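> I would like to see how this sequence folds:
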Amino acid sequence: MPVIIGHRGAPGYRPEHTRSSYELAIDLGADMIEPDVVATRDGVLVVRHENEISGTTDVADRPEFAHLRTTKSFAGHELTGWFTEDFSWDELKTLRCRERLPRIRPQNIGYDDTEPILRLRDVLDIAAAHGVGVVVEIKHAPYFSAIGLDLAPLIAADLRAAGWQDPGSAASLVIESFEESALNAVREEGIRARFVYLLEKSGAALDLLLAHGSAAPSYRDQLNDVASLAARVDGISVNKSLLLSGDARFAGEARDAGLELFTWTCRPENAFLARRFRAPGGSAAFGDWRGEWAQIRRSGVTGVFADQPDLAREAFASA
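Numbering: from 1, shown residues only. The predicted structure is shown next:
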């Protein structure tokens, strides 16, 4: 059976990246939990999927932070909102978390504004207390490096301080990123972990685009040469659509090369299912998630990221 990873906790039932989301994920059978990490102005690693936080916190309703609303250029796109790197930790910890997908998961709105933002250190402590593993995803490393906030030494310091480099703990630790350079930077800090490279269904990695421009290899180019990746990383993690397509030869090639193979994200709602697995009832209704996840299981994945770990455990145990 694949490893079940609580994707941002259990956001099918609670707002993502909250203590209750992570603890519920563990209660529902997650083997590992996944925090995404970004940084504050004063170098504290906090758990958010992106550094712009208006969609997942109450910051827009906090007049004391109105002056921090700004527009920034990121990866060639302009984005307006509030950004973690403009807050100190003392400021950011006063905010409260909100549901990202209120139209898809209206039941989660009842938990809005009840829990604070967590630090990476908090999630590491939750995982250790419950005896589960952690998958730390490094977010936007080239951007943070450009503004003087190198994430690698901050991640290394938190991991060591929380005991995640002690004998035994490192075996339950995965570091992942869409930028291989970010993985290399953490490895160069002396961190012992399994390093997993994330690949999208299209486009190319930001660090490669910055280094090579239009000559950068695409994610598809990299999947066509998984043997080369196997020399540099311990595993790959791919958008599930790549496993559901008619051409997923890379999955077998990855296994043959000794790579672990992860995929994201298993969600049962129609909004997130491949078209052929959707059912009547609108985007929030559950479709044929069992059918979709059975096909993913047949691809031979090592682990799956899921918003509802209990459903994933049920599906992947019986597929």
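
> from here on, just use CA atoms for contacts and neighbour counts.
OK.

> which stretches of the chain form helices?
19-27, 89-92, 120-130, 141-146, 151-161, 180-188, 206-212, 219-223, 226-230, 240-244, 249-256, 289-298, 309-318 (DSSP state H).

> neighbours of residue 311, how many?
Neighbour count of residue 311, defined by other CA atoms under 10 Å: 18.

> could you dump the helices of the chain to a markdown table with mean pLDDT?
Output for these, formatted as a markdown table (pLDDT from 0 to 100):
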| stretch | mean pLDDT |
| --- | --- |
| helix 19-27 | 99 |
| helix 89-92 | 99 |
| helix 120-130 | 98 |
| helix 141-146 | 97 |
| helix 151-161 | 99 |
| helix 180-188 | 98 |
| helix 206-212 | 94 |
| helix 219-223 | 94 |
| helix 226-230 | 94 |
| helix 240-244 | 96 |
| helix 249-256 | 93 |
| helix 289-298 | 97 |
| helix 309-318 | 95 |
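
> reformat those helices as TSV; add distance to residue 81.
Output for the helices of the chain, formatted as TSV (distance: least, CA to CA, whole Å):
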stretch	distance to residue 81
helix 19-27	24
helix 89-92	14
helix 120-130	23
helix 141-146	16
helix 151-161	22
helix 180-188	25
helix 206-212	22
helix 219-223	29
helix 226-230	36
helix 240-244	30
helix 249-256	39
helix 289-298	34
helix 309-318	31
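
> any idea which of those gets closest to residue 37?
Smallest distance to residue 37 across these (CA to CA): 6.8 Å, for helix 120-130.

> stretch 183-200: end-to-end distance?
One end of stretch 183-200 sits 16 Å from the other (CA to CA, to the nearest Å).

> could you number the chain from 46 rather than 1 from now on?
All right, first residue 46 from here; so that's stretch 228-245.

> which parts of it are buried?
Residues of stretch 228-245 classed as buried under the neighbour-count rule (16 or more other CA atoms under 10 Å) are 228, 230-232, 236-245.

> just those now: which is nearest residue 122?
Of the buried residues of stretch 228-245, the one sitting nearest to residue 122 (CA to CA) turns out to be residue 245, at 18.3 Å.

> now that closest one: closest residue in space, sequence neighbours ignored.
Among residues not flanking residue 245 along the chain, residue 284 sits closest, at 5.5 Å (CA to CA, 6 or more residues apart in numbering).

> my read is that the one you found contacts residue 309, right?
Yes - Residue 284 is within contact range of residue 309, at 5.4 Å (criterion: CA atoms under 8 Å).
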